[in-house]
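> compute the structure for the input listed below.
(4 chains)
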2 protein chains.
Amino acid sequence: MTTVSRALNGYDDVSETTRARVIDAAQAAGYRPNPVARRLALGRAEAIGLVLPRSVGDFVDPFFTELLRGMASVFEDANLDLIVTAAPEGPAELRVYRRLVEGRRVDGLIVARTRSHDERIEYLLDQDFPFVCHGRTGSDRPHAYLDMDNEGGFLEATQRLIGLGHRRIALINAPMNLAFAQARLIGYERAHADAGIEIDRTILCESDLNEESGHDIANRLLDFDEPPTAMLCASDFTALGVMRAVKARGLEIGVDVSIIGYDDIPLAQYADPPLTTMHQQIHRGGARVAEMLLARLAGTPPEDLQEVWPPRLVSRATDGPAKPIKTPQEFVEATT
Amino acid sequence: MTTVSRALNGYDDVSETTRARVIDAAQAAGYRPNPVARRLALGRAEAIGLVLPRSVGDFVDPFFTELLRGMASVFEDANLDLIVTAAPEGPAELRVYRRLVEGRRVDGLIVARTRSHDERIEYLLDQDFPFVCHGRTGSDRPHAYLDMDNEGGFLEATQRLIGLGHRRIALINAPMNLAFAQARLIGYERAHADAGIEIDRTILCESDLNEESGHDIANRLLDFDEPPTAMLCASDFTALGVMRAVKARGLEIGVDVSIIGYDDIPLAQYADPPLTTMHQQIHRGGARVAEMLLARLAGTPPEDLQEVWPPRLVSRATDGPAKPIKTPQEFVEATT
DNA sequence: TTTTCTTACCAAAGGGTTTTGGTAGAAATA
DNA sequence: TATTTCTACCAAAACCCTTTGGTAAGAAAA
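Residues are numbered from 1 along each chain as shown, chains lettered A, B, ... in the order given. I've put the predicted structure just below:
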């Protein structure tokens, strides 16, 4: 039995002739090692967990399918099962994590959609349990993560709008408990500070990342006496909702109001007009996060597993030069 | 040990006092049963598998996240792990299934996006392995499935368009190897046969279920000498592409060309104009498929686990009465 | 020739459950 | 009172691997 086990698992203290005999015999007998027995003997679950956020009611953005598919093949090649569960944010979520960790059902976890104060992460750190985050968190204890440079992305997008002459740029952010929303706000603020522009806090909003909330928020903003000339959105779906609201008022997108989205969903390029947005490599990010977790399990310290990837601004047709603002002073200045 | 096991697993031959003592002691000692040891003793994997199709390159439709979330909670309540992998259609796909089945990594499988001739299903039937399909297949051997009534759905949609006076209705179907594409074609054909309308086979097309291919096909159709007055689409994304093509030519949607989609993605209601489409309860379908698999594992014969759910036509603004067709005869008829 | 090292293999223990096949005692029945 | 049934509990076997701690034989070094 020993030799069979070692032959099948590629140990080097079994001669190639013996190994071949074992493999042939296994083949002939239709023998397949029992993974469960293997796991018991090894003391490992040979599985990785991923908990999908179960947001209220409707479709999750395609983000997770994409991330999932990126990870799946990496784990499959490493002979690890990927266990997927779903939990609504809140106490039930942490219970799911506990079940996976304390029930020894997984060897490691991927934590997606991190929050700025994230009890999942504190819990996993307390337990000294291997995990990799997709997105950062506020915790100052070292842990592995792959994050998109949300701050840099929004810095760049904001700078672009400022460069086009916009001075009243609304920020339609994601819910502020999400880590990336905070980072994006900072990028937005930095761009303003660098340009010496004061921010009007009344045009800073939070959306639910879907079309409808983008639409509603845009309508509110457009009702202002002095509406923003540009809107920077947390997701492409939000941006699509904003576009719908802008169009409904007979305003021209990219002329009267500039809009920039985030994610570069496939639909973005086919929107009318095509949406300027930030592209992230979600699929490759998923694969990379999986690789990082593999490294973590192999003993790489978390400090060495921290990456930040830059998003890429995809310039299309929803942003354009700001129209001259019609405040009295500027009107006077412009006409003299 | 025996009593502890039986107490913790809810057997009825242990007194409630003993059970309480066991539970208290377990709590105090921080004892948690080892699921891997349990699986070995039970001879079960306590896991269910789902293989995502890895279509070329880009985002999968949100369909799968939705299905996944529907299933996840059912399996979690049943103490089963849901193992997700991804495989491209083709020989690699079957290899993934074999690994899961023959490697005894799962107790049952969910097979989604069935094809009319589906070697996965033949394989699982050959192996006498428990599974439930989401969608039907051509196999005449009994097996469990939950399917949407694609034939009925397209029958209804086609009848609606015929009722609006349309006589040249293009069918922009899904790839014909998918089971639901065949069913939809049949529904489409039946509606025509019932109304005594001959079908022009040149306006029957296959799309890739995404925006772009809908756009391209619509453009081809609109180049015809006698273009169709209505287009029935395999998915909402396809329909959005069709809408883009129609708008680009200055035609009015719902007036010059009627369009009906399928899926009722959240964006459908916010499209311009809002898209008429078929709604399916994907989330609830996922939960139901999971329940059916549980029943299957408990011994319910597959014949008793076959359900067909009707989709619901959601009437919005992309379909309208057909414009009078300007063929010579009809022109004469109309003017006399 | 003797000793040491290396290679190739193996027996037994260990991992943590559940199930099988019981037993003992109390309660119900004859 | 004698017998049967039921309830509550338990010891040992079984599940199928991997690891530990060897041994034997051949090759290399002394």
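> ok, stretch A:292-307 near DNA strand D or not?
No. For stretch A:292-307, no contact with DNA strand D is found by C-beta under 7 Å from any atom of the strand; the gap never falls below 14.0 Å. (Each C-beta comes from the backbone N, C-alpha and C, glycine too.)
> quick one: the strands in chain A, in order.
Remark: strands assigned in chain A by DSSP state E are A:47-53, A:81-87, A:108-112, A:131-134, A:144-148, A:169-173, A:204-206, A:230-233, A:258-260, A:277-279, A:306-309, A:312-314.
> of all those, which one is nearest DNA strand C?
Of all the strands of chain A, it is strand A:47-53 that lies closest to DNA strand C, at 16.3 Å by C-beta to the nearest atom of the strand.
> who does the closest one pair up with?
strand A:81-87 (parallel), strand A:108-112 (parallel) (DSSP bridges).
> between those strands, which one is closest to residue B:203.
Nearest to residue B:203, of all the strands paired with strand A:47-53, is strand A:81-87, at 41.1 Å by C-beta to C-beta.
> can I get that closest one as PDB, trimmed to CA atoms?
This file holds the C-alpha atoms of strand A:81-87, laid out as PDB (Å, rounded to 0.1, in the frame of the first residue of the first chain):
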ATOM      1  CA  ASP A  81     -12.200  22.000  -4.600                       C
ATOM      2  CA  LEU A  82     -13.700  25.400  -4.700                       C
ATOM      3  CA  ILE A  83     -16.700  25.600  -2.300                       C
ATOM      4  CA  VAL A  84     -19.100  28.400  -2.900                       C
ATOM      5  CA  THR A  85     -21.700  29.600  -0.500                       C
ATOM      6  CA  ALA A  86     -23.900  32.700  -0.300                       C
ATOM      7  CA  ALA A  87     -24.700  34.800   2.700                       C
END
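> name the residues of that strand that are buried.
Across strand A:81-87, burial judged by 16 or more other C-beta atoms under 10 Å in any protein chain shown covers A:81-87.
> do you know how far the spatially closest residue to residue A:50 that is not a sequence neighbour is from residue A:285?
Nearest residue to residue A:50, sequence neighbours excluded (C-beta to C-beta, 6 or more residues apart in numbering or on different chains): residue A:110, at 4.8 Å. Look at residue A:110 and residue A:285: by C-beta to C-beta, to the nearest Å, they are 11 Å apart.
> same question, residue A:9
32 Å.
> how about residue A:112?
According to C-beta to C-beta, residue A:112 stands 10 Å off from residue A:285.
> just to revisit the earlier point, so between residue A:9 and residue A:285, which is more surrounded?
residue A:285 (22 against 10; other C-beta atoms under 10 Å in any protein chain shown).
> quick check, the more buried one in contact with residue A:71.
No. Checked against C-beta atoms under 8 Å, the pair residue A:285 and residue A:71 is beyond contact range at 9.3 Å.
> how about the closest residue to residue A:147 other than its chain neighbours, what does it touch?
Excluding the flanking residues, the one nearest residue A:147 by C-beta to C-beta, 6+ apart is residue A:136, at 4.6 Å. By C-beta atoms under 8 Å, 6 or more residues apart in numbering or on different chains, the contact list for residue A:136 reads A:114, A:145, A:147, A:179, A:183.
> now the third one, which residues is it bridged with?
It refers to residue A:147. Residue A:147 has these beta-bridge partners by DSSP bridges: residue A:308.
> what sits in contact with each of residue A:112 and residue A:285?
Common neighbours of residue A:112 and residue A:285, counting by C-beta under 8 Å, 6+ apart, are A:67, A:134.
> low-scoring pLDDT stretches of the stretch 151-300 of chain A, where are they?
The model of the stretch 151-300 of chain A has no residue with pLDDT under 70.
> all helices of it, in order?
Taking DSSP state H, counting those that start in this stretch to define them, one finds helices in the stretch 151-300 of chain A at A:179-195, A:211-222, A:236-248, A:282-297.
> so which of the ones you listed comes closest to residue A:37?
Taking C-beta to C-beta, helix A:282-297 is the member of those nearest to residue A:37, at 20.8 Å.
> quick one: contacts for whichever residue of the stretch 51-200 of chain A sits closest to DNA strand C?
Residue nearest to DNA strand C within the stretch 51-200 of chain A (C-beta to the nearest atom of the strand): residue A:104, separated by 8.9 Å. Counting by C-beta under 8 Å, 6+ apart, residue A:104 touches A:45, B:32, B:34-36.
> isn't residue A:185 right next to residue A:174, touching?
No. Using C-beta under 8 Å, residue A:185 is not in contact with residue A:174; the gap is 9.7 Å.
> higher neighbour count, those two?
residue A:174 (23 against 19).
> residues contacting that one?
Going by C-beta under 8 Å, 6+ apart, residue A:174 touches A:180-181, A:184, A:206-207, A:209, A:234-235.
> start and end of stretch A:29-38, how far apart?
End-to-end span of stretch A:29-38 (C-alpha to C-alpha, to the nearest Å): 19 Å.
> not counting that stretch itself, show me its contacts.
Stretch A:29-38 is contacted by residues A:5, A:8, A:25-26, A:46, B:36, B:39-40, B:45, B:102-105 when judged by C-beta under 8 Å, 6+ apart.
> just the buried residues of the residues you listed.
Taking 16+ other C-beta under 10 Å as the criterion, what is buried in the contacts of stretch A:29-38 is A:8, A:46, B:36, B:39-40, B:45, B:104-105.
> from those, which is closest to DNA strand D?
Closest approach to DNA strand D among these (C-beta to the nearest atom of the strand): residue B:40, at 4.2 Å.
> could you verify my assumption that the closest one touches residue B:46?
No. The pair residue B:40 / residue B:46 is not scored as a contact, 10.7 Å apart, by C-beta under 8 Å.
> who touches the closest residue to residue A:200 other than its chain neighbours in this structure?
Excluding the flanking residues, the one nearest residue A:200 by C-beta to C-beta, 6+ apart is residue A:168, at 6.6 Å. Listed by C-beta under 8 Å, 6+ apart, the contact set of residue A:168 reads A:200, A:203, A:226-230, A:325.
> a markdown table for those residues, including neighbour count?
Output for these, formatted as a markdown table (neighbours: other C-beta atoms under 10 Å in any protein chain shown):
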| residue | neighbour count |
| --- | --- |
| A:200 | 15 |
| A:203 | 20 |
| A:226 | 12 |
| A:227 | 19 |
| A:228 | 23 |
| A:229 | 22 |
| A:230 | 27 |
| A:325 | 15 |
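> next, format the residues you listed as a markdown table and append distance to DNA strand C.
Formatted as a markdown table, those follow (distance: C-beta to the nearest atom of the strand, whole Å):
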| residue | distance to DNA strand C |
| --- | --- |
| A:200 | 60 |
| A:203 | 57 |
| A:226 | 66 |
| A:227 | 63 |
| A:228 | 60 |
| A:229 | 64 |
| A:230 | 59 |
| A:325 | 70 |
